[in-house]
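S.K.: A predicted structure for the sequence below; I have some questions about it.
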Amino acid sequence: MTHSTALRSIVRRTEVTWGLVAAAVAAVLPLIYPSTFLLNVGPQILVMGVFAMSLNLMLGYTGMVSFGHAAYFGMGAYTLGILMQKTAVGLAASLVLAVAGAALLALVIGFFCVRLGTIYFSMLTLAFAQIVYTVVIRATPLTGGDQGLIGGIPVPPVRLGPWTVALRSPLAFYELTLSLTVAAFLLAKVLVDSRWGLLLRAVRDNGDRVEFLGASARGLRLSAFVAAGGFAGLAGALMALYVGGAYPDFVYWTKSAEPIFMVLIGGMHTLLGPLVGAAVLVGLTAVITQYTSLWGLVLGAILVAFTLFLKVGLLDFGAERWRSRAAAAPGNPPVGGVARAREAK
Amino acid sequence: MDLGAFAQCVSSTLCVVSQLTSALITGLILFLVASGLSLVFGVMGILNFAHGSLYMLGAYLSFSLLRLNFGVATVAAALGVAVIGLLLERVFIRHVYRAPLLYQLLLTYAFILVLDDVAKLIWGYDFVSMGVPDAFRRPPIFIGRAPVPAYYMFIIVVGVVVAVGLWLLLTRTRFGRIIRAAADNPTMVAALGVNVAAVSAGVFVLGSFLAGLGGVLAAPVRSIFPGMGFSILVESFIVVVIGGLGSVAGAFVGALLIGFVRAFGSVAFPALEEGLVFMLMAAVLLTRPRGVLGVGKEL
């Protein structure tokens, strides 16, 4: 085993450990400290975190910058909302169908988008997402048009073995969102650490070489697109449950911008990074709006400072520091190979 | 789809002229904003999200300065936006030239948040409406039997004059040659002894001026509110893509194309109004990804 793979496997295990520790703390926190603020903002952070994490499968892992990710978020939200409001389909089945619907939409749109690269790819994803938006606001009988799916989403109590849980309770909903977030994180972790995940990173670094090795870069990009769409659908479905409806701004392009900024703030080289970014952005917005209606001014100033001084996502920055410290500790092989070791002498 | 309404419109001079002027003023205002965006992108490689906010500031400044005099307001507001652009470039943006594209987007997105709130602080949260300046409160100009408001004519004339001026600037002057060379190969231009930092600042100021001028011209005919830069920003991006990244001639074609699609498309396909321009963009990207003129920059 070479140094770099050893290091990578450490980082790999570390991310799961940190993720589970954070999740355990988050699960216990409202039991010790039952604050309405936490129960209100917590699910938003988790939902947007899953959304940003889904985008990062494309952005960070495959190097595809989508400006239209809201389409799949919205698809998940509307699918769940329509199923729960207008049919007898249960919660679990609705969630599954929401994910499937979003993934299917991503397959159709992605089929066209992955032909293009760089900013052209981004603009095409935006174009399709806005077309989806137009359909949503025009298909009034199905989607409620401009108004969205109003009237609330009926959520029946869920039976968990001997217990019956009323999801209308904020605490129960918080814990449900948290467990689904953890499940999504672990599934995504398995995916990005698989052979497929390695190939995605190879496509990001050099698509031509992947082609030379006999894999289809376009096919891999499409598969990343579909996977990201599916996870975004889960996030959208949870958001619909949280707000009790689905609204056109779930599909609007500003909703596509939010996860991009979360990924940039949190860091694009891990799965936890986007979750951290969501916590920072949603948390900051929630805190600032308590004090002033001019939250944009404060948040904007913070973002300006962030881009000018840090210029790298929080977790990426942290991981880099941690890695170089681990490498500097006695007994550990130096990072950066022979050249730097020689330099040190 | 409502082809009946479309046929009816095309057969009436009144409707054709009114949709035509609407297409031209939409297209030309959009051209002013989008050409600035395209120049800044082509030369500096910066996708400036805050470009729409500069348009908004142009509109607000002209609203405030109008009580002086319309001519003064127009010029001063556009120049004021250019100065704001200079400040943004010198203080912030020049630090992220080498940063990844997405961090430039994050920075300029932060400008949107800040500038929108600054607008709320100065001019309030609500829509303000400026009305047509006194100088243009006169009987409309008749084309055939169809009336065209005098101010619409003014927008069209200014738009065309600026387009021609910009073309002359880029093709006939030393500054224009340097700009085009810097868009092509900035390292080579720097090696030849040109101060590329100054050129970048100059281009950003020019781009800001154009966005500001777009806002100034639009102010009397659109409602002014914090966040009004959002929709024109997206449309400008579409123009830049349709016209080819970095191409001002392409931006002209793209902007007019969007103006026409919006004016006539909304008659023919009222149900799809919001989606038409995006369908146009998708069609262009899938068939001619380097823009309709095929002159867009490779990325």
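M.R.: Structure's in. What do you need? Numbering: from 1, shown residues only, chains lettered A, B, ... in the order given.
S.K.: Helices of the chain, start to end?
M.R.: Looking at chain A here, since you left the chain open. Counting by DSSP state H, the segments of chain A that form helices are A:3-32, A:36-62, A:70-86, A:91-113, A:118-138, A:140-143, A:170-193, A:195-212, A:217-243, A:253-266, A:272-291, A:295-309, A:314-328, A:337-344.
S.K.: was after chain B, sorry
M.R.: In chain B, the segments counted as helices under DSSP H are B:3-10, B:13-44, B:51-65, B:70-91, B:101-123, B:150-172, B:174-184, B:186-191, B:196-218, B:229-243, B:248-268, B:273-287.
S.K.: from the helices of chain A, which stretch is densest packed?
M.R.: Among those, ranked by average contacts under mean count of other Cβ atoms under 10 Å in any protein chain shown, first place goes to helix A:70-86 (a mean of 28). All C-beta atoms are positioned from the backbone trio N, CA, C, and that covers glycine.
S.K.: and the stretch 101-250 of chain A, which residues reach chain B?
M.R.: Contacts of the stretch 101-250 of chain A with chain B, taken as Cβ under 8 Å from any Cβ of the partner chain, map to A:112, A:115-120, A:123-124, A:126-128, A:130-131, A:133-135, A:137-138.
S.K.: and with 10 Å instead?
M.R.: A:109, A:112-113, A:115-135, A:137-138 (Cβ under 10 Å from any Cβ of the partner chain).
S.K.: Tell me how many other residues surround B:Ala7.
M.R.: Residues lying near B:Ala7 (other Cβ atoms under 10 Å in any protein chain shown) number 12.
S.K.: I figured it hits B:Phe264, correct?
M.R.: No: using Cβ atoms under 10 Å, B:Ala7 is not in contact with B:Phe264, being 11.7 Å away.
S.K.: Extract the C-alpha set from stretch A:207-220 and format it as CSV.
M.R.: What follows is stretch A:207-220, C-alpha atoms only, in CSV (Å, rounded to 0.1, in the frame of the first residue of the first chain):
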residue,chain,number,x,y,z
GLY,A,207,-12.1,12.5,-19.2
ASP,A,208,-10.0,11.6,-22.2
ARG,A,209,-7.8,9.3,-20.2
VAL,A,210,-10.9,7.5,-18.9
GLU,A,211,-12.0,7.0,-22.5
PHE,A,212,-8.6,5.6,-23.4
LEU,A,213,-9.0,3.1,-20.5
GLY,A,214,-12.1,1.9,-22.2
ALA,A,215,-14.8,3.5,-20.0
SER,A,216,-17.4,5.9,-21.3
ALA,A,217,-16.8,9.4,-19.8
ARG,A,218,-20.2,10.5,-21.1
GLY,A,219,-21.9,7.5,-19.6
LEU,A,220,-20.2,8.1,-16.3
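S.K.: Residue 94: what's it in contact with?
M.R.: As the question left the chain open, I've gone with chain A. Applying Cβ atoms under 10 Å, 6 or more residues apart in numbering or on different chains, we find A:Ser94 in contact with A:76, A:79-85, A:87, A:153, A:155, A:237, A:240-241.
S.K.: looking at chain B here, not the other one
M.R.: Contacts of B:Arg94 were listed using Cβ under 10 Å, 6+ apart, and they are B:44, B:46, B:88, B:197, B:200-201, B:204.
S.K.: one more time with 8 Å, if that's ok
M.R.: B:197, B:200-201 (Cβ atoms under 8 Å, 6 or more residues apart in numbering or on different chains).
S.K.: Need the worst-confidence member of the residues you listed.
M.R.: When these are compared on pLDDT, B:Ala197 comes out lowest, with 85.
S.K.: and that residue, how many neighbours does it have?
M.R.: Burial of B:Ala197 is recorded as 13 neighbouring residues (other Cβ under 10 Å).
S.K.: What separation is there between it and chain A?
M.R.: 17 Å (Cβ to the nearest Cβ, to the nearest Å).
S.K.: what's the nearest residue to that residue if we skip its chain neighbours?
M.R.: Leaving aside its chain neighbours, B:Ala197 sits nearest to B:Arg94 (7.1 Å; criterion: Cβ to Cβ, 6 or more residues apart in numbering or on different chains).
S.K.: do B:Ala163 as well
M.R.: Of all residues not flanking B:Ala163 in the chain, B:Phe252 sits nearest, at 5.8 Å (Cβ to Cβ, 6+ apart).
S.K.: same deal with B:Met228?
M.R.: Setting aside the residues directly before and after it, B:Met228 is nearest to B:Met56 in space (Cβ to Cβ, 6+ apart), at 5.0 Å.
S.K.: Over in the stretch 51-200 of chain A, which residue gets nearest chain B? Let me know.
M.R.: Nearest to chain B, among the residues of the stretch 51-200 of chain A, is A:Thr134, at 3.1 Å (Cβ to the nearest Cβ).
S.K.: which residues sit in contact with B:Pro131?
M.R.: Small correction: residue B:131 is Gly, not Pro. Contacts for B:Gly131 were tallied using Cβ under 8 Å, 6+ apart; they are B:Pro220.
S.K.: What's opposite the closest residue to A:Arg159 other than its chain neighbours in the beta bridge?
M.R.: Leaving aside its sequence neighbours, A:Arg159 sits nearest to A:Val165 (Cβ to Cβ, 6+ apart; 7.8 Å). Beta-bridge pairing for A:Val165 (DSSP bridges): A:Val158.
S.K.: quick one, what contacts A:Val165?
M.R.: The neighbours of A:Val165, taking Cβ under 8 Å, 6+ apart as the test, are A:157-159, A:172, A:176.
S.K.: and it, how far is that from A:Ala235?
M.R.: Per Cβ to Cβ, to the nearest Å, A:Val165 is found 21 Å from A:Ala235.
S.K.: for B:Leu256, same thing?
M.R.: Distance from B:Leu256 to A:Ala235, by Cβ to Cβ: 40 Å.
S.K.: cool, and B:Leu192?
M.R.: For B:Leu192 relative to A:Ala235 (Cβ to Cβ), the value is 51 Å.
S.K.: Please tell me I have it right and B:His95 contacts A:Ala305.
M.R.: No: counting by Cβ atoms under 8 Å, B:His95 stays clear of A:Ala305, with 11.5 Å between them.
S.K.: end to end, how far does stretch B:122-134 reach?
M.R.: 24 Å (Cα to Cα, to the nearest Å).
S.K.: need the contact list for the residue lying closest to B:Ile238 once chain neighbours are set aside.
M.R.: Leaving aside its sequence neighbours, B:Ile238 sits nearest to B:Met281 (Cβ to Cβ, 6+ apart; 4.8 Å). Listed by Cβ under 8 Å, 6+ apart, the contact partners of B:Met281 are A:123-124, A:126-127, B:238, B:241-242.
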